[in-house]
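*Asks:* Sharing a sequence plus its predicted fold:
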Amino acid sequence: MTIDANGLNKVKLILREKDIPYFSDDEIQQYSDLYPDEKRLLYELLLIKSQNNSLNISGITTNDDSQYFKMLAQRYRPNNSGILKQDQEVQHNADSTRIIGS
């Protein structure tokens, strides 16, 4: 999926690329081909950007923004909901739920 200029600017705004640049326009386009769903694209890019990016040089340390970008990524996290197949049985106990069958 190719993102038009407006879509690219929207993605860059959400990623805060103006303030904290990380991705080139070409990289965002390439990721949009991998993740055509906009929410999934933003989720994946924010997770990539959330890697620990603090820097320590001669005793001077920059802030680590990783938690901030992980928090932003949670807004776009895809749901893991689904439907169980009819031949699967769900077994509940006090501590966990597990699926039995295939």
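*Replies:* Great, that's in hand.

*Asks:* okay, now Asn6: neighbour count?
*Replies:* With neighbours defined by other Cβ atoms under 10 Å, the count for Asn6 comes to 8. Where you see a C-beta, it was placed from the backbone N, CA and C, and this is true even at glycine.

*Asks:* secondary structure element for it?
*Replies:* helix 5-14 (DSSP states H and E).

*Asks:* who does the next helix-or-strand element following that helix touch, helix- and strand-wise?
*Replies:* Remark: after helix 5-14, the chain's next helix or strand is helix 25-34, criterion DSSP H and E. Where contact means 3 or more Cβ pairs under 8 Å, 6 or more residues apart in numbering; DSSP states H and E, helix 25-34 is packed against helix 5-14, helix 38-49.

*Asks:* For these, give me TSV that also has distance to Asp65 and mean pLDDT.
*Replies:* Putting these into TSV (distance: least, Cβ to Cβ, whole Å; pLDDT from 0 to 100) gives the following:
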stretch	distance to Asp65	mean pLDDT
helix 5-14	15	94
helix 38-49	8	92
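
*Asks:* Check those for me and report the most buried one.
*Replies:* Highest mean neighbour count among the helices and strands packed on helix 25-34 (mean count of other Cβ atoms under 10 Å): helix 38-49, with a mean of 19.

*Asks:* which residues are in contact with that helix?
*Replies:* 7, 11, 14-15, 20, 22-23, 28, 31-32, 34-35, 69-70, 72-73, 76-78 (Cβ atoms under 8 Å, 6 or more residues apart in numbering).

*Asks:* Leu8: what's it in contact with?
*Replies:* 25, 28-29.

*Asks:* My error: substitute Pro78 in the last question.
*Replies:* Taking Cβ under 8 Å, 6+ apart, we find Pro78 in contact with 37, 39-40, 43.

*Asks:* circling back: only C-alpha atoms, please: export the helix holding Asn6 in CSV.
*Replies:* In CSV, the C-alpha atoms belonging to helix 5-14 read as follows (Å, rounded to 0.1, in the frame of the first residue of the first chain):
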residue,chain,number,x,y,z
ALA,A,5,1.4,12.8,1.0
ASN,A,6,-1.4,13.4,3.4
GLY,A,7,-1.2,9.9,4.9
LEU,A,8,2.5,10.1,5.2
ASN,A,9,2.3,13.4,7.0
LYS,A,10,-0.3,12.0,9.4
VAL,A,11,1.9,9.0,10.2
LYS,A,12,4.9,11.2,10.7
LEU,A,13,2.8,13.4,13.0
ILE,A,14,1.7,10.5,15.2
